[in-house]
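> Here's my sequence, what's the structure:
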Amino acid sequence: MQMRRATRPSRRTPKSAYVRAPRINPQESPLAWLAGRKDKDGRPMISREEFDAGERLRRDYHFALLAQKVTASWSALPCNSASRRSAPGAGVDLADNVIAARERVNRALIAVGPELAGILIDVCCYLKGLESLEKSAGWPQRSAKIVLQIALQALARHYGLVGWPAARHDGPARVHHWGAPGYRPMADLAGS
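This next block holds a predicted model:
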């Protein structure tokens, strides 16, 4: 068997050919840990749809530049006074897709409600562990897991990954018309 030598790329090869997709460590996410764990009946602690909903919120949150900054931001120092018309981060220097991601995050958090939004931000976006969350909130042991499951179910329903449970109802009620059966509206053709 003959071994090949690694060839040096030519100057014509585009630089984008060497860019690798970022690797994601699934072990850093509490959701991945929960998805890999089984309950007493042998089912995963959270469903695939709930996991996908949590990861989707995490992606949008980080893409929307809402995550806390670790270092100093030098973007607040303008090069000259005429180049900046507003404060940094006020929307002028944000791309449309970042603003759209912020809107998606806001809609998702409104859909789950203020009671469940906090745990979703802490676990999905800031990757806080369930034990530390329980201690900081003063909750009993293993209660954060139940609250997180409820929040992820609501989030998955908002994203359309799961439907409404059949026992409750088939979805939002729709009003087809407001008149009684056989009702016909009258049009005043003579004019007023």
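> Over to Ile99. Which of the three states is it?
Here Ile99 is recorded as helix under DSSP: H, G, I helix; E, B strand; the rest coil.
> neighbours around it, how many?
Here the count is done by other C-beta atoms under 10 Å, and Ile99 has 13 residues near it. Bear in mind the C-beta positions are built from the backbone N, C-alpha and C, glycine included.
> same deal with the one 4 residues further on?
The local packing of Glu103 (other C-beta under 10 Å) involves 12 other residues.
> Now it, what are its backbone angles?
For Glu103, the backbone dihedrals (degrees, to the nearest 10) come out as phi -70, psi -40.
> measure it to Gly182 for me?
According to C-beta to C-beta, to the nearest Å, Glu103 and Gly182 sit 44 Å apart.
> With Asn106 instead?
45 Å.
> What of Ala100?
Taken as C-beta to C-beta, the span from Ala100 to Gly182 is 47 Å.
> more crowded one of the two?
Ala100 (13 against 5).
> per-residue confidence for the more buried one?
Ala100 carries a pLDDT value of 89.
> cool, and Asn106?
93.
> ok, how many other residues are close to it?
So Asn106, with other C-beta under 10 Å, has 14 neighbours.
> Any stretches of the chain with poor pLDDT?
1-27, 69-93, 164-180, 183-185, 190-192 (pLDDT under 70).
> redo that, cut-off 90
1-45, 62-101, 125-130, 137, 139, 141-142, 161-192 (pLDDT under 90).
> looking at it, Leu127 is touching Pro30, isn't it?
Yes: using C-beta atoms under 8 Å, Leu127 makes contact with Pro30 at a distance of 6.3 Å.
> Comparing these two, which residue is more hemmed in?
Counted by other C-beta under 10 Å, Leu127 and Pro30 do not tie: Pro30 has more neighbours, with 23 against 12.
> Surely the more buried one is in contact with Cys125?
No: assessed by C-beta under 8 Å, Pro30 is found out of contact with Cys125, at 11.0 Å.
> in the sheet, who's paired with Lys38?
Pro44 (DSSP bridges).
> Let me know the distance separating it from Trp139.
For Lys38 relative to Trp139 (C-beta to C-beta), the value is 23 Å.
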